[in-house]
Every structure is written in structure tokens, then in C-alpha cells.
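[1] need a 3D model of the sequence below.
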Amino acid sequence: MELKNNGKINFLVQVCHGFDEVLTGGVIVMHYLAYLLAKEGHNVYIFCKPEYPHKNIHTIKSWAIEEKDDELGAIPLRYSFESFKYKLANTVSIYPQTTWGNWFNTNHVARWILYTPDSEIKKTWNESDAIFSYGKQNQLINNMNGKECQELIAMNFNFDNFKNLNQNRSGFCHLFHKHTSPNAKEFLNELNSKSLGNWTLDNNKDELFKLNEEFNKYEYFVCYDQLSFWPQIAALCGCKVIIMNVKNNPNAYYDYNTTPKEYRLKNPLKKYGIAFGFEDLQHAILTQSLVKNHLKEMEDFNLETVKNFIKFWEKECYE
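    Down below sits the predicted model:
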């Protein structure tokens, strides 16, 4: 395959999984970024079927190469992909923070820091790589050893699918992901909280949107993952959200002494309808009605970060 040379940038977005294989926040935003770049008129290449199809998104075939590990058995340790050619001047690789090295050997490389990168992985990056952070997360930015980070946020709020149905609600529900406390299950059992963990069943996109119905059954949503995108989705569906901040959680991303005000400054998506700790619940209750309009404003800001990302690479590629 030969990538286009039509006066537009070729963006190689390193995502190899569709939602039917892996349905995580990272995979979702990589697909959505590909769509937003394509929507702006550039050539976008990904390594699986696009979840947000667009005429400017093209698929380069990829496959996992399984290698034998004496302890773990056969596991996919790396990926291969069909060969392709491109012009160095107008091609940009976009890698999440989990990617070792420069898969596609491009001169222009964007590292998108969605979560704290592994120190060993960082050693395989080049000094010339441009760093983009998913929001102003000090922990993420400080991990870059003083290297300047620019914001890049691509989140699909799915306003047509996730909405407050204004129906009767009761009780608690929750999802487990990163940062979960060792005591979480015992605590949530005491609340008689319903796990919505079966949303990963078959990792089906249609199942994802059925969560709207589930969120609308419950008055409260509890989450230990302090960086998850699920809290604002649950709040959009009308739940009063509690992001847990407990003293005895060694897996917490933020220090226990982080105040709700500090947390919201670092996580503007979670400004309304969301409590940082149970003691902050009144804030979630009083601001629940402000969630949708706020997220619409944040969507405009997020799109602006994508446009700034494009301007950055237009300057690098063509000036």
C-alpha cells in the first residue's frame, strides 16, 4: 500500500483493536481521534476496522504475533502489519503511551499520554518526539522529565445515546477498573450496589449503549478509577456520581489529601454532578442539572485541542 500524497497529512493512528476485541477508554479515544482528524480533511490510517467510519479513514491490515512464553503460554507479544510506503515529510505516527519505540519509522512522532507511561517504554522514545497529554494531569506531565506537553483530548460523549430519562431511581451501581481499593467489594456489598461489569460481555458496542438504561435505574454510581471516563457518562445519564477517595487504597491515583476542589481543577470534565469522596456528595447532588451543558462546552474545548494538534503538525510538515 502507498499512502496518499495529496497535500494533506497522513496520520498513522496506532490502534489495532476494534470495540469487539478490546473496549477500554484508551481504545475508544484512539478511534475517535482518528475520526476527528479524518473529519478535518486529513488522511488517516488505522490498523483495524474503524469504529467511527469516515471516507478519509483507511485500514492497514495488522495481526498479533503470538510467541511462546514458558510461564504464560502463547500470548501476543507484538504485532505485524501489511507493508506500506509513505512520504516522510507529510506522515505522522500517533502512539499511545503503551507503545514501545517507533513502529512505523516516521520522522514525525506524536506520543499521546493517556495514562502514566512505563519508565522502560519511555526509554525507547526519541527526544524529538512531540508529547501530548490527555488534559492537564500533573502526574502525566511530570513523568515527561520536564518535556513540554500540549493538550489533546478526543472524547465522544454520545449525547444521543447517553441521556437522563428522568425516571424513578434507587440504590447504587458501580464499575471496577483501575485504582480499585482492596476493600472495595466488601464496601459495595454493604451498599447492595449492582455491578455493571457485564458491559464488557462480548465487548459489543451495542451493549455499551445499553448502559444508558442501566445508569438510569440507579440514583448513585460509584467508581474507584479516578481518571475514568465513566463517571461523566453516568452523570450525563442522571446518576449522582461518587469517585472514591479512601485513605487505605494503595492503588489510588491521587494522594488521599487531594481536596475535591483540587481534583476538579485537574479534571474539568468532572466539574459537575460528581463527588470526590462520599463527603463531597452534596456537590454532586446540587450540580447534577449542570452536567449536560457543561459537557457540551467541554466538547467544544476538546475539538479545539484537536484543531491545535493539526496546526502543530501542519507547521512541522510544511514549513
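[2] low-confidence stretches in the stretch 1-150 of the chain?
    Across the stretch 1-150 of the chain, the ranges flagged by pLDDT under 70 are 66-77, 136-147.
[3] how about a cut-off of 50?
    Along the stretch 1-150 of the chain, the parts satisfying pLDDT under 50 run over 72, 75.
[4] any chance you could map the strands in it?
    Shown for the stretch 1-150 of the chain, the strands assigned by DSSP state E, counting those that start in this stretch span residues 10-13, 43-46, 57-59, 62-69, 73-81, 91-96, 108-113, 130-133, 149-151.
[5] and those strands: which comes nearest Asn251?
    Comparison of the strands of the stretch 1-150 of the chain against Asn251 by CB to CB identifies strand 108-113 as nearest, at 19.6 Å. All C-beta atoms are positioned from the backbone trio N, CA, C, and that covers glycine.
[6] what residues does that closest one touch?
    For strand 108-113, contacts defined as CB atoms under 8 Å, 6 or more residues apart in numbering pick out 30, 33, 91-97, 99, 102, 117, 125-126, 128-134, 140-141, 143-144, 149, 152, 309, 313, 316-317.
[7] okay, the strands of the stretch 1-150 of the chain in JSON lines with mean neighbour count next?
    Shown next, in JSON lines, are the strands of the stretch 1-150 of the chain (neighbours: other CB atoms under 10 Å):
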{"stretch": "strand 10-13", "mean neighbour count": "26"}
{"stretch": "strand 43-46", "mean neighbour count": "24"}
{"stretch": "strand 57-59", "mean neighbour count": "17"}
{"stretch": "strand 62-69", "mean neighbour count": "12"}
{"stretch": "strand 73-81", "mean neighbour count": "11"}
{"stretch": "strand 91-96", "mean neighbour count": "24"}
{"stretch": "strand 108-113", "mean neighbour count": "22"}
{"stretch": "strand 130-133", "mean neighbour count": "21"}
{"stretch": "strand 149-151", "mean neighbour count": "17"}
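[8] with distance to Pro182 added, can I get the ones you listed in a markdown table?
    Compiled in a markdown table, these are given as follows (distance: least, CB to CB, whole Å):
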| stretch | distance to Pro182 |
| --- | --- |
| strand 10-13 | 36 |
| strand 43-46 | 37 |
| strand 57-59 | 42 |
| strand 62-69 | 28 |
| strand 73-81 | 27 |
| strand 91-96 | 28 |
| strand 108-113 | 27 |
| strand 130-133 | 29 |
| strand 149-151 | 32 |
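[9] indicate which one of these is closest to Asn183.
    Asn183 lies closest, by CB to CB, to one member of the strands of the stretch 1-150 of the chain: strand 108-113, at 29.9 Å.
[10] who does the closest one pair with, and is each partner parallel or antiparallel?
    According to DSSP bridges, strand 108-113 forms sheet pairs with strand 91-96 (parallel), strand 130-133 (parallel).
[11] in the stretch 201-319 of the chain, which spans are strands?
    Using DSSP E, counting those that start in this stretch, the strands of the stretch 201-319 of the chain run over residues 220-223, 240-243, 274-276.
[12] which strands or helices does the shortest one pack on?
    Under the contact definition 3 or more CB pairs under 8 Å, 6 or more residues apart in numbering; DSSP states H and E, strand 274-276 sits against helix 230-236, strand 240-243, helix 260-266, helix 281-287.
[13] give me the contacts around the last one.
    Helix 281-287 is touched from outside by 235, 240-242, 260, 271-275, with contacts defined as CB under 8 Å, 6+ apart.
[14] mind redoing it with 6 Å?
    With contacts defined as CB atoms under 6 Å, 6 or more residues apart in numbering, helix 281-287 is touched by 240-241, 272-275.
[15] also the third one?
    By CB under 6 Å, 6+ apart, the residues outside helix 260-266 that reach it are 271, 276, 280.
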